[in-house]
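>>> After the sequence you'll find the predicted model.
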Amino acid sequence: MAEVVIVENAAAAGALVADEIVRLIATRPDAVLGLATGSTPLPVYEALHGRLAGTDVSQVRGFALDEYVGIDPKHPESYRSVITREVVEPLGLNPDQIHVPNGATAGIEHAGADYEAAIEAAGGVDLQILGIGTDGHIGFNEPGSSFASRTRVKTLTQQTREDNARFFDSIDQVPMHCMTQGLGTILQARHLVLLAFGDGKAQAVADAVEGPLTAMLPGSAIQLHPHATVVVDEAAASRLKLADYYRYTFDNKPAWQGL
């Protein structure tokens, strides 16, 4: 079972996860981070900004979870632009060390394999940040995705496109396809940290953590991982049956264990 940590709010979650990342970089200056986009991981990146001040992060490497297919990398809502704007520039990371799947249509047939090879060449991901969709997707692995899936092209569901339309002028501008790390790829990271905030994520969190293992709920794949940490606020934890147990175990956890 994943470790579940229930905190007061998103800011507290961001601080907790940022502290873990700082510890990781202190022990491994060339740490490999798995970077998620969207609003959920922003508290982590904001907390890291202050904590990494004065730290040499020139060797830190990163791999984004996904990218839209056919979008101009310079488009403000391409994940290349988002990662640069929200992570690379604020934290002072070396942009040459931060990788995003290639969503260009030219060469798309081997872009997934190329990304897998790049992750392998880096030695794998040390800590993968994840969010979860209201339908339980992680990355752009929509319901029905194989637990063995690798980085590949996926067709976005109508719900996901509607959820992401807020970042564009209209839903018609939201790409139909994406390049995403597969569930099998994600599960190879050494530490998974899944964050979720708000009532809207409560059912997805409960199903992922305490529900059956099923491809219809891609987030349930975290149950297969030996070191998965789920950090949620009280609202997102509201449907967890074992919430009191999770609070008790975390309150009594040895400090040396970290997350």
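Arrived safely.
>>> In the stretch 1-150 of the chain, what residue spans correspond to strands?
For the stretch 1-150 of the chain, the strands defined by DSSP state E, counting those that start in this stretch cover 3-7, 32-35, 61-64, 66-68, 98-99, 127-130.
>>> Let's have those in TSV, adding distance to L91, mean neighbour count and mean pLDDT.
For the C-beta atoms, the positions are set from N, CA and C on the backbone; glycine is no exception. Converted to TSV, the strands of the stretch 1-150 of the chain look like this (distance: least, C-beta to C-beta, whole Å; neighbours: other C-beta atoms under 10 Å; pLDDT from 0 to 100):
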stretch	distance to L91	mean neighbour count	mean pLDDT
strand 3-7	22	21	98
strand 32-35	10	24	98
strand 61-64	10	23	98
strand 66-68	20	24	95
strand 98-99	10	19	98
strand 127-130	13	25	98
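>>> In CSV, list those along with distance to Q203.
Shown next, in CSV, are the strands of the stretch 1-150 of the chain (distance: least, C-beta to C-beta, whole Å):
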stretch, distance to Q203
strand 3-7, 15
strand 32-35, 25
strand 61-64, 27
strand 66-68, 23
strand 98-99, 33
strand 127-130, 17
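>>> Residues contacting the worst-scoring helix or strand of the chain on mean pLDDT, please?
Of all the helices and strands that make up the chain, helix 158-164 has the lowest average by mean pLDDT, DSSP states H and E, namely a mean of 84. Here helix 158-164 makes contact (C-beta atoms under 8 Å, 6 or more residues apart in numbering) with 133-135, 137, 140, 142, 156, 171, 174, 176.
>>> Between all of those residues, which two are at the greatest distance?
Between all members of the contacts of helix 158-164, the longest pairwise span (C-beta to C-beta) is found for T134 and M176 and amounts to 19.6 Å.
>>> Can you pick out the residue with more neighbours from the two?
T134 (15 against 11; other C-beta atoms under 10 Å).
>>> can you tell me how far the more buried one sits from D66?
17 Å (C-beta to C-beta, to the nearest Å).
>>> and if you look at D30?
23 Å.
>>> give me every residue that touches I119.
32, 63, 125, 185.
>>> now the strands for the stretch 151-259 of the chain?
For the stretch 151-259 of the chain, the strands defined by DSSP E, counting those that start in this stretch occupy 152-155, 177-180, 191-196, 228-233.
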